[in-house]
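# With the input below, show me the fold.
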Amino acid sequence: MSTVFPVVAVCITTGKRSIMSHGDSCCTTAEDGVGSAQQQPLILERLEKETNKNWLSIVSHQLQKHCVCTPKKVKSKILGFIPILKWLPRYRLREWILGDIMSGLIVGILLVPQSIAYSLLASQDPIYGIYTSFFSSIIYAILGTSRHISVGIFGVLCLLVGQVVDRELTQAGYLTENSVSGNDSAILLAGQGNDTIGVDCDRSCYAITVGATVTFTAGVYQVLMGLFQVGFVSVYLSDSLLSGFATGASLTILTSQIKYILGVKLDRPQGWFTLFKTWYSLLANLKETNMCDLVTSLVCLLLLIPTKELNDRFKSKLKAPIPFELFVVIIATVASHFGHFNTVYGSSVAGDIPTGFLPPQLPMWTLIPNVAVDAFSIAIVGFAITVSLSEMFAKKHGYTVDANQEMYAIGFCNILPSFFRCFTTSAALTKTLVKESTGCQTQVSGLVSALHYSAVLLTFSALLPSRCVLAVIIVVNLRGALRKFTDIPRMWRVNRIDATIWLITMATSALVNTELGLLVGVLVSALCVLGRTQRVQVQELGRATTREHYEDLSSYCGLQTHPGVAVFRYKAPLYYANQRLFKKSLYRCVGVDPVKAKSVLIKFKKKNQHLVIDCSAILFLDTAGVNALKEVRKDYAELGIEVVLAQCNASVQDDLERGGYYPDKKDGEENKIIFFTIADAVHYVQSLSAANGDYERKC
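Residues are numbered from 1 along each chain as shown. Next comes the predicted model:
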C-alpha cells in the first residue's frame, strides 16, 4: 500500500488554512512576478507502514525466525561461533605458512620477557604471565575474527587487576608484600577477615585467586554483552578517549615501577591520587635506594633504549625485530645468580619460574561481589581495545570483523584461562604491529606462539629474575604511549574537542584514579556531543544564481535572497535539550522575537515576510522539538508570518505526525503539506504573498 501525499509544508496563517494538492494551480499576480515562474512541486510517494500487527504476532515471528532449527542454520551458527572452522579449511598452505610460522615464533620470543614482567604489574607470580599468553593465544585463534591482532597481556589491564588484587589482599588481612623477606611469603597465613579460605593459602596463593576471580567475572560480562548483541558500544569509545586513557594509565604504570628501579621497598597505595602518594613515598624514602638495583636498572636502560630505537628505525629493513629484551633478561638473571645480588647486595628478585602446567581450580565465588564493579570496567576496557585494533587492521587489510564475535572471543579468553590461574587479557597495539610486520597472515601464527609458550613452560628451570630488570622492560615498552604527549599541539590544531577529551581523560586516569578516568572520559565525550548540538546556530540561506540551490549566506559569496521570503537551516537534531536555543537562535536570525514584538506587528505585516525552515539537517525530533516548531509556527502566525518546513526526512515527518504538528483535517481537505525542496517551499510562500496581500490563496 502506498499513499500519495500532497505537496509539502505546513503553513500557518491567521486562522486560515492554505492547502496545495497535486492538481492545484497557483493564482498569482503580475505585481509579484512569480506566476509564470511557478513550477509544479515535487511529488513523492510514501510507503505505508504496516501498523496493524499486534505484539503477539511480532514476538511469534521473531521466535520462528530465531528458534526454528534447520541444518543450514545450525551450520551457520557453528561456523559463526567458531570461525576457525570456516577459514582453516581454506588455508593457503604454500602462501601463508612461512609467514605465520615466522611471525608466531618472533612474537613468542619477544613476549616471554614481557609476560614475566607484566605479571608483576598485576601482582602475580611471573609464571602466570606465560600461562596467560599461552591460553589466550589458543582460544583467540579458535574464536576470534581478526587475522592479525595479538591477544595476550596488556599493561593497562594488568595495572587494573593489580590494583584490585592489592586492595583485596589488604582487606583480607595479609601482610604487605614488603613485610616479607626474601621468598618467605609462602609461610604467611591469612589474618582476620579472611575466613573464606583455608590457612594453607598464603599471600601469593590468595593474590592468584583474586586475579583469577576478577578475570572470570570480567569474561562473564564480556560473554553476556556478546549474547545481548551490544558490540555496538565500542563506537562510543572514541580513539581520543582510549588513547588518553591508555596514556594516563601508562603514567601510573611508570610511577609504580620506579620503586623497583630504585630498589626501594614501598607498598602500592590504595584509593585515589595514587600517583601523588607514590611519588611522595619515593621522595621520602629515597635514601633507602638499593645501589645494586639502581646500577642494574641504569645498565639495562642504556642497553634497551638504543636497541629498541634501532629496531624501530630499521624495522622496514629487518625481517624480524631483534629480541634484545630476552637477551637482557637472560644476561641480567645469570649475572644476578652468579654475583649473588640477592644475598650479598639485597637486590629484589621476582620469584621462581617453575616448569610444567598447574591443575585447574575454581574461582572464589564468595569474592565475586567484592570485585564485580572493578571487573566490569576491566571488561569494557579489554573489549574496547580488542575491537578497536581488530577493526583497524581489518580495514587496513581489506576484510571485516564481527564486534559481537570479538566480544565472545575475548570473553572466553578470560573465562577459560581463569581456571588455570591466569589474569585478564586483550589485544595490544605494539605486539599486533610486530605480528603484522613479521609476515602474519592468519591466527595460525597465534597457535605457533602458543607452542612456543608451551615449550617455555615445559623446559624452564627455576630462575630468579631481578625485579628491577623486569621493571625496566615495562618502562621501555611505555615509550609509545608516553610519546603521545608530543602530539598534543598537533591534536589541538586538528580538533580541539578531541584534544580536550584526550587531556581530561589522561589527566583523570593518571592523577585521580585509573577506572574513574575511563568513566570521566565517556561522560566528557557525551557532554561534548551534547555541547555541539547546543552550539548550533540557525543559518540564513541564500540561493545560487545559476540553479535552485541554497547555502549559508555567511559562508559563500554571490548568494541571493528572495524579497519577502527568508530561508533558514538548523544543523542539529531538535530535542528537549536544545529546543529553547533553537527558538532563541531563530528569532535572533529573523530579527524579531514574535512574543516580544507586538509593537512591530504593523511593520512586519507591510513587509509580507514569510519563513522557510530547511529541515534537511534535523535527524530526529522528540516531543519537545515538535512542540518548539508548533510554538514557532503559532507565534509568527500572530504576526501574519507564514512558517513553512522543507526537506524533512521520512522519520522527521513521522515525528511531526505523531507529535500533532499538522493542523486538524477538515472534510475534503488534506492536512499534510510537505515540501521536498526549498525551491518548492519558496515558490509556495511567494504565491501566498501574491494573493491580494491577505495571506490567503484564492483560485
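# Let me see the domain layout of this structure.
Segmentation of the chain into domains, based on the TED database, reads 100-173+202-482, 537-596+605-663+670-692.
# Just put these in a markdown table and tack on distance to Thr70 and mean pLDDT.
Every residue, glycine included, has its C-beta placed from N, CA and C. Converted to a markdown table, the domains of the chain look like this (distance: least, CB to CB, whole Å; pLDDT from 0 to 100):
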| stretch | distance to Thr70 | mean pLDDT |
| --- | --- | --- |
| domain 100-173+202-482 | 21 | 84 |
| domain 537-596+605-663+670-692 | 35 | 83 |
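# Most tightly packed of those?
Comparing these by mean neighbour count (mean count of other CB atoms under 10 Å), domain 100-173+202-482 comes out on top with a mean of 20.
# what about Leu79, distance to Leu143?
According to CB to CB, to the nearest Å, Leu79 and Leu143 sit 12 Å apart.
# Equivalent analysis for Phe276, please.
Here the distance between Phe276 and Leu143 works out to 42 Å (CB to CB).
# on that earlier part again, quick one: the domains of the chain as TSV, columns for distance to Trp87 too.
TSV is the format used below for the domains of the chain (distance: least, CB to CB, whole Å):
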stretch	distance to Trp87
domain 100-173+202-482	7
domain 537-596+605-663+670-692	38
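# Any idea which of these gets closest to Cys528?
Closest approach to Cys528 among these is made by domain 100-173+202-482 (9.4 Å; CB to CB).
# measure that closest one end to end?
Terminal residues of domain 100-173+202-482 lie 31 Å apart, using CA to CA, to the nearest Å.
# got the residue ranges for the strands in the chain?
For the chain, the strands identified by DSSP state E occupy 2-4, 45-47, 151-152, 426-427, 539-543, 550-552, 565-569, 610-614, 643-646, in order along the chain.
# ok, residues contacting stretch 293-301?
Residues from elsewhere that reach stretch 293-301 (CB atoms under 8 Å, 6 or more residues apart in numbering): 260-263, 328, 332, 336, 341, 347-348, 466-469, 471-473, 475-476.
# mind running it again at 10 Å?
257-264, 290, 325, 328-329, 331-332, 335-336, 339, 341, 345-348, 466-473, 475-476 (CB atoms under 10 Å, 6 or more residues apart in numbering).
# What separation do you get for the residue nearest to the spatial centre of the chain and Leu518?
The C-alpha lying nearest the average C-alpha coordinate of the chain belongs to Leu237 (CA atoms, centre = their mean; 1.7 Å). Distance from Leu237 to Leu518, counting by CB to CB: 9 Å.
# now swap in Leu527 and tell me
15 Å.
# Who has more neighbours out of these two?
Leu518 (27 against 12; other CB atoms under 10 Å).
# how close does the closest residue to that one other than its chain neighbours sit to Ile109?
The shortest distance from Leu518 to any residue other than its chain neighbours is 5.4 Å, reached at Phe245 (CB to CB, 6 or more residues apart in numbering). From Phe245 across to Ile109, the span is 30 Å (CB to CB).
# wait, what's in contact with Trp492?
By CB under 10 Å, 6+ apart, the contact list for Trp492 reads Asp498, Ala499, Thr500, Trp502, Leu503.
# Just the closest of those residues to Thr307, please.
Nearest to Thr307 among the contacts of Trp492 is Trp502, at 30.2 Å by CB to CB.
# Spatially nearest residue to that closest one, not counting backbone neighbours?
What sits nearest to Trp502 in space, not counting adjacent residues and going by CB to CB, 6+ apart, is Gly244, at 3.9 Å.
# The one you found reaches Thr514, doesn't it?
No. Checked against CB atoms under 10 Å, the pair Gly244 and Thr514 is beyond contact range at 11.9 Å.
# what do these two both touch?
Common neighbours of Gly244 and Thr514, using CB under 10 Å, 6+ apart, are Thr508.
# quick one: contacts for the closest residue to Ala394 other than its chain neighbours?
Ranked by CB to CB, 6+ apart and with sequence neighbours excluded, the top spatial neighbour of Ala394 is Val401, at 4.6 Å. Taking CB under 10 Å, 6+ apart as the contact definition, Val401 lies against 83, 144-149, 231, 386-387, 389-395, 409.
# Apply 7 Å and report the result again.
Residues in contact with Val401 (CB atoms under 7 Å, 6 or more residues apart in numbering) are Thr145, Ser146, Ser390, Glu391, Ala394.
# quick one: it from Pro83, how far?
Applying CB to CB to Val401 and Pro83 gives a distance of 10 Å.
# which residues do these two both contact?
Counting by CB under 7 Å, 6+ apart, the common neighbours of Val401 and Pro83 are Thr145.
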